[in-house]
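Enquirer: Build me a structure from this.
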Amino acid sequence: MSEMSPKALRRELDRLDRQVEALVRYCARLEEENRVLRQSQDSLNAERASLLEKNEMARSKIESMISRLKAMEHH
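Expert: Numbers count the residues shown, from 1 in each chain. Presented below is the predicted three-dimensional model:
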């Protein structure tokens, strides 16, 4: 392996430093995006649970109305 001149070594270290800084920024951006996505997922899961509960309540009320209507038919 040939030795690098001090200038070439400095340029290579600077290049590597820029790459590391870019990777750190990229990781920070991904962490923030991940945080936002998890927050959104939590919100959507809560909304889904609420909608499922409302759906079940509506189903129960409709079943009750159907039962009352059937009972009225028989009288």
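Enquirer: What is the burial count for residue 75?
Expert: The tally of other residues near residue 75 (other CB atoms under 10 Å) stands at 4. For every residue, glycine as well, the C-beta is placed using N, CA and C.
Enquirer: Return the distance of it relative to residue 68.
Expert: As judged by CB to CB, to the nearest Å, residue 75 and residue 68 stand 11 Å apart.
Enquirer: Tell me the secondary structure at residue 4.
Expert: Here residue 4 is recorded as coil under DSSP: H, G, I helix; E, B strand; the rest coil.
Enquirer: how close does it get to residue 15?
Expert: From residue 4 to residue 15 the distance is 12 Å (CB to CB).
Enquirer: Contacts made by stretch 21-40 with the rest, please.
Expert: Residues outside stretch 21-40 that contact it (CB atoms under 8 Å, 6 or more residues apart in numbering): none.
Enquirer: pLDDT on that stretch, on average?
Expert: Averaged over stretch 21-40, pLDDT sits at 98.
Enquirer: Good, wrapping up.
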